[in-house]
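Peer 1: Sequence first, then the predicted structure:
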Amino acid sequence: MQPTLAVIDIDISSGHDELAREQLLDNLRRCTKRYISPLWVNVLRERADLRVVCLVHDLTQFDDFLVDVIRSVPGVRGTSAQLSFAGVVHGDPLMDVSLLDTVWDRRAAATVLVKSRPGQDQEVYRALIDLPLHQAVQVIWVVKIFHSGEADLLLLLLGERTSALTGYVMSWVRTVPGVVDTQLSSVLDWHILGGTEDFIVLAQRFPDAPTPSGSK
């Protein structure tokens with residue numbers, strides 16, 4: 001079975017933020033289960049809640065991971081997960097992610113939930129994976145989450161400034177024909193848990209799409 005990309009948002013009770021984060025990181029670092037590869041943990045800037053990104057190698061075990069490793073942490077009020085089975089991960093920008101919890105690289109990042117108009121889903125997806133290169137913004141991935149009630153596509157952006165990410169979404173993502181709405185969540189804190197081999201597996205699982213002839 002090919003691994004599944006999972007983005008897990010964790011709702012933390014007020015007053016438990018630091019203890020919950022430290023306990024979660026400890027649980028993830030101790031996690032040796034072969035069916036899961038934790039990649040990183042983010043703190044969401046809009047709230048003090050947490051996001052875990054991982055590769056799931058056996059979906060039949062995913063509920064046990066949520067219960068044993070995440071939902072058992074004191075202060076966790078609830079969890080929700082976005083699963084992706086298809087999409088594109090750009091390998092070169094992805095490798096920059098491994099630097100984001102070091103003193104050498106503190107760039108801004110954001111996830112963007114995109115709702116597409118039914119009937120134009122493929123056109124929107126193709127347009128998003130062919131977004132133009134930008135001096136201040138890198139597109140890490142565009143993955144499909146059509147089974148979700150919250151959105152249809154999920155983007156991860158990396159940039160020098162949060163303002164650059166916001167401007168990029170307004171200028172390039174929200175103007176794509178067929179995009180109904182977007183929701184941006186900025187993240188500035190990173191705890192990298194995955195090794196180089198895990199990032200390589202992620203890039204191989206969601207390979208770059210070939211560039212259509214004639215595209216910029």
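Peer 2: That came through fine.

Peer 1: Show me what counts as buried in the longest helix seen in the chain.
Peer 2: Longest helix of the chain, by residue count under DSSP state H: helix 17-30. Residues of helix 17-30 classed as buried by neighbour count (16 or more other Cβ atoms under 10 Å): 17, 20-21, 23-25, 27-28. Glycine gets a C-beta too; all of them are placed from N, C-alpha and C.

Peer 1: name the helices or strands packed onto the helix or strand of the chain with the lowest mean pLDDT?
Peer 2: In the chain, no helix or strand scores lower on mean pLDDT, DSSP states H and E than helix 91-96, which sits at a mean of 87. Contact here means 3 or more Cβ pairs under 8 Å, 6 or more residues apart in numbering; DSSP states H and E; on that basis helix 91-96 packs against strand 137-144, helix 196-205.

Peer 1: Please enumerate the strands of the chain.
Peer 2: Applying DSSP state E to the chain gives strands spanning 4-12, 36-44, 50-56, 76-84, 86-89, 108-116, 137-144, 153-159, 179-192.

Peer 1: And the contacts of the least confident helix or strand of the chain?
Peer 2: Contacts with helix 91-96, where a contact means Cβ atoms under 8 Å, 6 or more residues apart in numbering, come from 105, 107, 138-141, 158, 199, 202-203, 208.

Peer 1: Compare these and tell me which has the most neighbours.
Peer 2: Neighbour counts for these peak at residue 139, which has 25 neighbours (criterion: other Cβ atoms under 10 Å).

Peer 1: dump the residue contacts of that one.
Peer 2: Neighbours of residue 139 in contact, by Cβ under 8 Å, 6+ apart: 90, 93, 131, 155-157.

Peer 1: Can you tell me which of these comes closest to residue 13?
Peer 2: Nearest to residue 13 among the contacts of residue 139 is residue 156, at 27.1 Å by Cβ to Cβ.

Peer 1: ok, the nearest residue to the closest one once chain neighbours are set aside to residue 195 distance?
Peer 2: Nearest residue to residue 156, sequence neighbours excluded (Cβ to Cβ, 6 or more residues apart in numbering): residue 140, at 4.1 Å. Residue 140 sits 18 Å away from residue 195, going by Cβ to Cβ, to the nearest Å.

Peer 1: returning to that earlier point: JSON lines for the contacts of residue 139, including distance to residue 63 and neighbour count?
Peer 2: Formatted as JSON lines, these follow (distance: Cβ to Cβ, whole Å; neighbours: other Cβ atoms under 10 Å):
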{"residue": "90", "distance to residue 63": "30", "neighbour count": "19"}
{"residue": "93", "distance to residue 63": "32", "neighbour count": "17"}
{"residue": "131", "distance to residue 63": "35", "neighbour count": "16"}
{"residue": "155", "distance to residue 63": "27", "neighbour count": "24"}
{"residue": "156", "distance to residue 63": "25", "neighbour count": "22"}
{"residue": "157", "distance to residue 63": "30", "neighbour count": "25"}
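
Peer 1: which one among those gets closest to residue 56?
Peer 2: Looking across the contacts of residue 139 and measuring by Cβ to Cβ, the closest to residue 56 is residue 156, at 17.2 Å.

Peer 1: what's across from that closest one in the sheet?
Peer 2: Beta-bridge pairing of residue 156 under DSSP bridges involves residue 111, residue 141.

Peer 1: Wait, it touches residue 114, no?
Peer 2: No - Residue 156 is not in contact with residue 114 according to Cβ atoms under 8 Å; the separation is 11.8 Å.
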